[in-house]
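Engineer: Fold the following, please.
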Amino acid sequence: MQSIFKLRRFLEPPPQKCELCGAAVESTHQHIVDVENRRLMCTCRPCYLLFQHHGSAGGKLRSVSDRFLNLPPIEIPGEEIPVSVVFFIRDSVTSRVTAFYPSPAGATEAAIAQETWKEMLEKTPALATLEPDIEALLVCKHESWILPVDACYELVGRIKRSWRGAESQREIGDFFENLRGTAA
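Structural biologist: Residues are numbered from 1 along each chain as shown. Purely as a prediction, here's the structure:
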């Protein structure tokens, strides 16, 4: 019987911990962006709250936004978009905007011309409110959203996990259906 209890620990996933203080976190938790290393960190609520202001930690760590804003469909001028889903993140360090395409390998990064971003800003002034590093513009066919950057990486994970035709399309559809519910 002892050996069954020893094996049980391999079946249950280890509890997730805050990457800053080590406290246990729930499966639905907040994230912080390490701006310099461009990575998301899982955090407990108190650590998340510590980094909500731009000046915290010298701006090197920032709490991910919780804003979901449904926008009119956005056309991406002059760019050849190879897939039906793309998200854009503005980098506070370089002030450049980068496109990311969900793929079986994760988020594939691609540079976009700054003129393209400027033209998008002219056509959709709400894009000027996009918070660098912590928010993204997500564009999929006839839908566009400003949303937390971690939501985009959730979509990347869903696509990566189910990258097979109809299954992948169902995951994308479910993700956007949840977004619409969030905005309602």
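
Engineer: Could you list the buried residues of the helix of greatest length in the chain?
Structural biologist: Under DSSP state H, the helix in the chain containing the largest number of residues is helix 165-183. Residues of helix 165-183 classed as buried: Ser168, Glu171, Ile172, Phe175, Phe176, Leu179 (neighbour count, 16 or more other C-beta atoms under 10 Å). C-beta here means a position set from N, CA and C on the backbone, and glycine is covered the same way.

Engineer: measure the second one to Lys123 for me?
Structural biologist: Read it as Glu171. Plainly put, Glu171 is 29 Å away from Lys123 if you go by C-beta to C-beta, to the nearest Å.

Engineer: per-domain residue ranges of the chain.
Structural biologist: 10-63, 69-183 (automatic domain parsing).

Engineer: Include mean pLDDT when you put those domains into JSON lines, please.
Structural biologist: What follows is those, written out as JSON lines (pLDDT from 0 to 100):
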{"stretch": "domain 10-63", "mean pLDDT": "86"}
{"stretch": "domain 69-183", "mean pLDDT": "88"}
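
Engineer: And for the closest residue to Cys140 other than its chain neighbours, the neighbour number?
Structural biologist: In space, Cys140 comes closest to Val85 once its chain neighbours are excluded; the distance is 4.7 Å by C-beta to C-beta, 6 or more residues apart in numbering. Number of residues near Val85 (other C-beta atoms under 10 Å) recorded here: 21.

Engineer: if we can go back for a sec, what's the longest helix of the chain packed up against?
Structural biologist: The contact analysis (3 or more C-beta pairs under 8 Å, 6 or more residues apart in numbering; DSSP states H and E) places helix 165-183 against strand 69-71, strand 143-148, helix 149-161.
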